[in-house]
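Asker: Coordinates for the following, if possible.
(10 chains)
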There are 10 protein chains.
Amino acid sequence: MTTTKKEAADAVLAAKVRLGLTWAKIAETVSRPLAWTTAALLGQHPVPKDVAEQVGDLLELPADAVAALQLQPTRGALDSPVPTDPTIYRFYEVLQVYGPTIKELIHEKFGDGIMSAINFRMDVERVPDPAGDRVVVTLDGKFLPYQW
Amino acid sequence: MTTTKKEAADAVLAAKVRLGLTWAKIAETVSRPLAWTTAALLGQHPVPKDVAEQVGDLLELPADAVAALQLQPTRGALDSPVPTDPTIYRFYEVLQVYGPTIKELIHEKFGDGIMSAINFRMDVERVPDPAGDRVVVTLDGKFLPYQW
Amino acid sequence: MTTTKKEAADAVLAAKVRLGLTWAKIAETVSRPLAWTTAALLGQHPVPKDVAEQVGDLLELPADAVAALQLQPTRGALDSPVPTDPTIYRFYEVLQVYGPTIKELIHEKFGDGIMSAINFRMDVERVPDPAGDRVVVTLDGKFLPYQW
Amino acid sequence: MTTTKKEAADAVLAAKVRLGLTWAKIAETVSRPLAWTTAALLGQHPVPKDVAEQVGDLLELPADAVAALQLQPTRGALDSPVPTDPTIYRFYEVLQVYGPTIKELIHEKFGDGIMSAINFRMDVERVPDPAGDRVVVTLDGKFLPYQW
Amino acid sequence: MTTTKKEAADAVLAAKVRLGLTWAKIAETVSRPLAWTTAALLGQHPVPKDVAEQVGDLLELPADAVAALQLQPTRGALDSPVPTDPTIYRFYEVLQVYGPTIKELIHEKFGDGIMSAINFRMDVERVPDPAGDRVVVTLDGKFLPYQW
Amino acid sequence: MTTTKKEAADAVLAAKVRLGLTWAKIAETVSRPLAWTTAALLGQHPVPKDVAEQVGDLLELPADAVAALQLQPTRGALDSPVPTDPTIYRFYEVLQVYGPTIKELIHEKFGDGIMSAINFRMDVERVPDPAGDRVVVTLDGKFLPYQW
Amino acid sequence: MTTTKKEAADAVLAAKVRLGLTWAKIAETVSRPLAWTTAALLGQHPVPKDVAEQVGDLLELPADAVAALQLQPTRGALDSPVPTDPTIYRFYEVLQVYGPTIKELIHEKFGDGIMSAINFRMDVERVPDPAGDRVVVTLDGKFLPYQW
Amino acid sequence: MTTTKKEAADAVLAAKVRLGLTWAKIAETVSRPLAWTTAALLGQHPVPKDVAEQVGDLLELPADAVAALQLQPTRGALDSPVPTDPTIYRFYEVLQVYGPTIKELIHEKFGDGIMSAINFRMDVERVPDPAGDRVVVTLDGKFLPYQW
Amino acid sequence: MTTTKKEAADAVLAAKVRLGLTWAKIAETVSRPLAWTTAALLGQHPVPKDVAEQVGDLLELPADAVAALQLQPTRGALDSPVPTDPTIYRFYEVLQVYGPTIKELIHEKFGDGIMSAINFRMDVERVPDPAGDRVVVTLDGKFLPYQW
Amino acid sequence: MTTTKKEAADAVLAAKVRLGLTWAKIAETVSRPLAWTTAALLGQHPVPKDVAEQVGDLLELPADAVAALQLQPTRGALDSPVPTDPTIYRFYEVLQVYGPTIKELIHEKFGDGIMSAINFRMDVERVPDPAGDRVVVTLDGKFLPYQW
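Answerer: Presented below is the predicted three-dimensional model:
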């Protein structure tokens, strides 16, 4: 039985807790962006061989898991079309409430097209605020115009 | 038959095209943030009376539509759980691919809790880039810790 | 074409705004509990003839709407199995997170059975709190033991 | 194979029956609120290390289960969008019948916003009543106003 | 625009209330079983011409509605696969809890086969009971054995 | 790994076939109603300790299964919202065709309310008929009026 | 507003009842197979101009309906994935119970491939039988082998 | 762990390939109709003891599988409401396109009622045709009139 | 009431039939690619003002429809997640059977990434073949590599 | 426990990575078209015995897997009706945006009918382009006219 990317991700999570590591530390070790590293180790990106091996060393993963990290994923991480976890659901709610607003503003500022989710990077930051610190998520994708 | 918020939004869209206005111009007229103004006129926020009237004057809306803009909405703007419009879908895809990553990073940086979608603001910007301009969407919500 | 309970509810909402009334004022006029009155006028309970007529006078409703308020409803007010409006969704989320907890505690305190949603009353209160006022919703139903 | 939070919850339930314990007794032992304790041991909250260890001692859980209790959960406990268990369904029915009523009354008493399900506590009580004891569920969350 | 069976049913319901009639009275007038008459006038059976005309006279229905009552229906009266109305839902819940029990007992008493829902009659009765009157629904269908 | 109620039910079914027993015989042995016994052993009711032990003796069940029979179930026995097994489906079809009829007749005979599915008993009988024996299912639940 | 194929089908059904015609009579008039004619007039096939005009004359249809009959349809006549009408549902049930059997036998008799639903004809016959007449539906489609 | 009907069906399929047998040969051995035999061995009918044993001998099945073949099935063989396998889907498509046609013709030839899927037999034949051989599926069920 | 893009598309289809035009002729008139023109007039692309006016002249459309053609669409043309029309369904079936094959081959030839559906053109051709002419659909989109 | 086609496909994928092979190399070895070979080894076509054995030799597969490759598949490779993997989703999006366009053009060029997905071949090519190489997918199926 081969190790799946899901099982490799579970091994990463378990080792991370056992060894008291953080995503920040792991990302630093492999010299990759924090969010990319997290997504990749959760199974949403193929991990280059050298990065997989560095992670394997750091997290003491078995060879099978290191191999699985390198596989091309079939992406999609939500259990159901509407996520139930509150932390993830809030972003779905943002789409329900502000989706058409984002669409209108993209069209007003760029014309007909989309924000790429492929040529794309994102970040999650903690911004101090006296009224309570804020979660600031930046989604940053290349604009792709409809082009025949 | 009363005018619904959906019909008022359609009237706004039609007038905006007919009069050659932009969301930026409308937001400036009512001195409100761009994204809030767009969302509110699309029916996702109740519009304060004075703002509704300014919009009504600018867009030459009938009184019924001005009244409808002020109603408390039942929010939710997607036709189905998974949006079909490509411009909106890309944000759903971001959730599918990066949702658990966002969750992991929020928990790593803040502990157990969520980004509020209520005490929340967002912005859509066009960032010039020689390799193709980029759509940068900033989601900015107060962190709310699980607190019994 | 007869007036439906949904159309009667819309007429109530429109008149309530036009006349500057509150649910509290309407409930007081008909001497009924606040939450029951709201639910009934939103179409979820049949309204007794005398109450319907008092409401009709207060809200200046047409006879058709007054008649529709008295009809036996087919209950169920959510547009889809999972509500999209954030104010209502939070209660669905409570079920997702705490549903089995409520079940465990009902069984521990009462044995096998349910809280009736028929022999049932509820209330929504505003409780002042220095850290921010609180919404307190009380669900109060008769315990019904499984009984063959 | 690591122990999941679901498996840890099953171990808790089995031990609780085997040892003849109640949720009340467990909550008392760890000096935490009853409903919070139940939800946390059912896998919906991360359990602090010391509490997990106390529970582990009381319920004679293996180390793996004690570790799993401390993991950050992906929340959501219903098997399907509409719950089938009658005890849980009644609360879904309350949402179907009274959801818009709750929404109207929150908006009338607080303005536009929601009851937080994060800054939130709840309780289930048995209230004696000559016509049959009553289940009283109190949902108590901080009001969060829509705030840009 | 022709009158649909749904519109004819609505006309029946409206007239029944306006004229203060009961299903029992209507069934007696047309000399048909109570439950059959109710189902047929709600649009789930084609009504024979003479019965439709008697109903039309009694309820003062327009000719179009009398014609529509006679049409062959496309049966199915629930708005969604899972009914939301509590009075109807309880019967769905019975299926959820006791469906396999009914199946086991039919197979034990008859062998492999089904209860026909076509060669079928049903009744709803009020049975007095000092602990609270009871709703007794009798479903009575011919057994059909699997027969190649 | 603890034994689940589903596994205990499977063990009951297997033993029942192996030992050539019937539900009637089992119900007689434990002196409980036939339909209740069947439902309980299929996992839809918690079985009292003494009954579980009698069943365990009769069916030569292992101790784990006897323990599982006593657990509080999470009820709901259909694989999907619409059952596919023809014997069970016919009852769902009855709901599709006659659900609103049942609702109308309950309201006509009792007023606004429901048939309880908790304070409830049912029976399946074989009624001889020269035109083919009939399956008669009696659903018998206490009427619960809507009562605030 | 143009006439849709659905409205044209409704007009056909209404006229057919009003004029006391049968599908057999209509099919004979236009010299087309019975089942094809029925399907086409119900909106599932484009009707050739001369046939549409003959039908229009026979059924006294307005010109708009005659035009609509000729449009290319977007096919698909079931309201939901699982049909609720019992007469249609039985065929869905046949698929649930015998679908894999049909697949096995097609592959055993023909190899890998399908029965075409395009190069296809069907018929519904009444076959007398002393034990009760039988509905015999013949589905007759060209075999199409998987062929690269 | 008992052998399920699904596992018994898998064992049949594997043995059938290993031994180079056909459904026709198996059906002949047990002197039963071809389609019935196929459906029964695929788990959709209970197999009589003697037939199960003959099949067990022919296919060299273990005793557990022979026992499982005799169990009463919970019928329903499609993975999802809409089948994805092209060979099976074509029959679903026939229902989508011709379902209402079949319904109309049954009602025209028999009156209100259904084709039984219980008192039912079917056959799949290969009919030679110079333009390509044809799959002819005959569905043959007793007509059941709606009868109160 | 403004004219929607859907109503404008219906007006185009009706006029096209009435005037005996083809998509090829319309595309030629406006000097645009055939498939783009068809998609745009069916409401899936915003039509530039001059093109909309040429189409309006050719098809004798009212001014409202000409305006609607120019609106930014909310894209998505299937009625349900799984299309029921057989001509469209076959392409969905291709995805069911060959989707992962296409994915494998894209990754083998290009690495990790996607075919853009935005920077995209397509064509439908009729290719003569003695064994029956063939439909050849060419999907041609820019490769977009995953790029952080 | 027999090896399923899914497990055989996983074995193929694992061996392909371990041995550093490509689909192109495998297809060349068995002298079959690239896309057919990929689809067949992913479990969507039965693989002829000699091809399965060549693949088994090349990929060092166990005998069970070689046998499973030869089984007749139940086709359908998407996890849910709407695929979540971005590379596959783009083709679903093409259907959402251009499905009706493809349908219109097939009907304009061929008349009423479909592109066969059975008598069908496809190819994925990399076409160099100075503005970025392009993915060109060619779908090529026999036209099948609706033919009674």
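Asker: can you pull the contacts of the residue nearest to residue A:113 when sequence neighbours are not counted?
Answerer: Of all residues beyond its chain neighbours, the one nearest residue A:113 is residue A:145 (4.0 Å), with distances taken as Cβ to Cβ, 6 or more residues apart in numbering or on different chains. Where C-beta positions appear, they are placed from N, C-alpha and C, glycine not excepted. Applying Cβ atoms under 8 Å, 6 or more residues apart in numbering or on different chains to residue A:145 gives the contacts A:110, A:111, A:112, A:113, I:118, I:119.
Asker: how close does the fifth one sit to residue A:115?
Answerer: Read that as residue I:118. The gap separating residue I:118 from residue A:115 is 10 Å, by Cβ to Cβ, to the nearest Å.
Asker: out of the two, which sits in the busier spot?
Answerer: For residue I:118 and residue A:115, the more surrounded residue by other Cβ atoms under 10 Å in any protein chain shown is residue A:115, and the numbers stand at 25 against 22.
Asker: hang on, that one in a strand?
Answerer: Yes. With DSSP: H, G, I helix; E, B strand; the rest coil as the criterion, residue A:115 is located in a strand.
Asker: host element of the closest residue to residue A:4 other than its chain neighbours?
Answerer: For residue A:4, ignoring the flanking residues on the chain, the nearest one in space by Cβ to Cβ, 6+ apart is residue A:68 at 6.3 Å. Applying DSSP states H and E as the criterion places residue A:68 in helix A:63-69.
Asker: try residue A:43
Answerer: Using DSSP H and E, residue A:43 maps to neither a helix nor a strand.
Asker: repeat for residue A:26
Answerer: Residue A:26 is located in helix A:23-30, with elements delineated by DSSP H and E.
Asker: With residue A:121 instead?
Answerer: Residue A:121 is located in strand A:113-127, with elements delineated by DSSP H and E.
Asker: Going by contacts, tell me the helices and strands next to that strand.
Answerer: For strand A:113-127, the elements it packs on are helix A:34-41, helix A:86-110, strand A:134-145, helix B:86-110, strand B:134-145, strand I:113-127, strand I:134-145, judged by 3 or more Cβ pairs under 8 Å, 6 or more residues apart in numbering or on different chains; DSSP states H and E.
Asker: Mind listing what's buried along it?
Answerer: With burial defined by 16 or more other Cβ atoms under 10 Å in any protein chain shown, the residues of strand A:113-127 counted as buried are A:113, A:114, A:115, A:116, A:117, A:118, A:119, A:120, A:121, A:122, A:124.
Asker: How many neighbouring residues does the nearest residue to the second one once chain neighbours are set aside have?
Answerer: So the one you mean is residue A:114. With Cβ to Cβ, 6+ apart as the criterion, residue A:114 has its nearest non-adjacent residue at 4.8 Å, and that residue is residue B:87. The criterion is other Cβ under 10 Å. On that basis, residue B:87 has 26 neighbouring residues.
Asker: list the contacts for the residue nearest the centre of chain A?
Answerer: The centroid of chain A falls nearest to residue A:39 when counting by Cα atoms, centre = their mean (3.3 Å). Residues counted as contacts of residue A:39 (Cβ under 8 Å, 6+ apart) are A:45, B:97, B:98, B:101.
Asker: By neighbours, which of these wins?
Answerer: Per-residue neighbour counts (other Cβ under 10 Å) across the contacts of residue A:39 peak at residue B:98, which has 28 neighbours.
Asker: okay, now the domains of chain A?
Answerer: Here the domain parsing of chain A from automatic domain parsing is A:5-69, A:86-145.
Asker: got the ones you listed as CSV, with distance to residue I:50 and mean pLDDT columns?
Answerer: Conversion of those to CSV gives the following (distance: least, Cβ to Cβ, whole Å; pLDDT from 0 to 100):
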stretch, distance to residue I:50, mean pLDDT
domain A:5-69, 44, 95
domain A:86-145, 16, 97
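Asker: Would you mind finding the most buried of these?
Answerer: Burial among these, expressed as mean neighbours by mean count of other Cβ atoms under 10 Å in any protein chain shown, is greatest for domain A:86-145, which shows a mean of 20.
Asker: For that domain, what is the spacing between the initial and final residues?
Answerer: In domain A:86-145, first residue to last residue: 34 Å (Cα to Cα, to the nearest Å).
Asker: what about it, distance to the chain center?
Answerer: In terms of Cα atoms, centre = their mean, to the nearest Å, the centre of domain A:86-145 is set 14 Å apart from its chain centre.
Asker: coming back round to it: which residues does the residue nearest to residue A:4 contact?
Answerer: When contacts are counted by Cβ under 8 Å, 6+ apart, residue A:68 is found next to A:2, A:3, A:4, A:5, A:7, A:8.
Asker: switch to 10 Å and redo it
Answerer: Contacts were defined as Cβ atoms under 10 Å, 6 or more residues apart in numbering or on different chains; by that measure residue A:68 touches A:2-9, A:11, A:43, A:47, A:52, A:61-62, J:14, J:17.
Asker: Show me these that map onto helices.
Answerer: When DSSP state H defines the helices, the subset of those inside them is A:5, A:6, A:7, A:8, A:9, A:11, A:52, J:14, J:17.
Asker: between those residues, which is closest to residue E:78?
Answerer: Within the ones in helices among the contacts of residue A:68, proximity to residue E:78 (Cβ to Cβ) peaks at residue A:6, which comes in at 37.9 Å.
Asker: That closest one touches residue A:43, doesn't it?
Answerer: Yes. The pair residue A:6 and residue A:43 passes the contact test of Cβ atoms under 10 Å, sitting 6.0 Å apart.
Asker: okay, and the common contacts of the two?
Answerer: Overlap between the neighbourhoods of residue A:6 and residue A:43 consists of A:68, A:73, A:77, taking contacts as Cβ under 10 Å, 6+ apart.
Asker: Number of residues surrounding the last one?
Answerer: Spelled out, that is residue A:77. By other Cβ under 10 Å, neighbour count at residue A:77 equals 22.
Asker: Ok, the second one next?
Answerer: Around residue A:73 there are 23 other residues, counting by other Cβ under 10 Å.
Asker: That one: what secondary structure?
Answerer: Classification of residue A:73 by three-state DSSP places it in coil.
Asker: who in chain A is up against chain J?
Answerer: A:1-4, A:67-68, A:70-78, A:80-81, A:117-118, A:146-147 (Cβ under 10 Å from any Cβ of the partner chain).
Asker: tell me which residues form a beta bridge with the spatially closest residue to residue A:132 that is not a sequence neighbour?
Answerer: Counting by Cβ to Cβ, 6+ apart, the nearest residue to residue A:132 once its immediate chain neighbours are dropped is residue B:142, at 4.8 Å. Residues found in beta-bridge contact with residue B:142 (criterion: DSSP bridges) are residue A:134.
Asker: give me every residue that touches residue B:142.
Answerer: Residue B:142 is in contact with A:127, A:129, A:131-135, B:113-121, D:144, D:147, counting by Cβ under 10 Å, 6+ apart.
Asker: quick one: the closest residue to residue A:22 other than its chain neighbours from residue H:18, how far?
Answerer: Take residue A:22 and drop its neighbours on the chain: the residue closest to it by Cβ to Cβ, 6+ apart is residue B:108, 5.9 Å away. For residue B:108, the distance to residue H:18 equals 54 Å [Cβ to Cβ].
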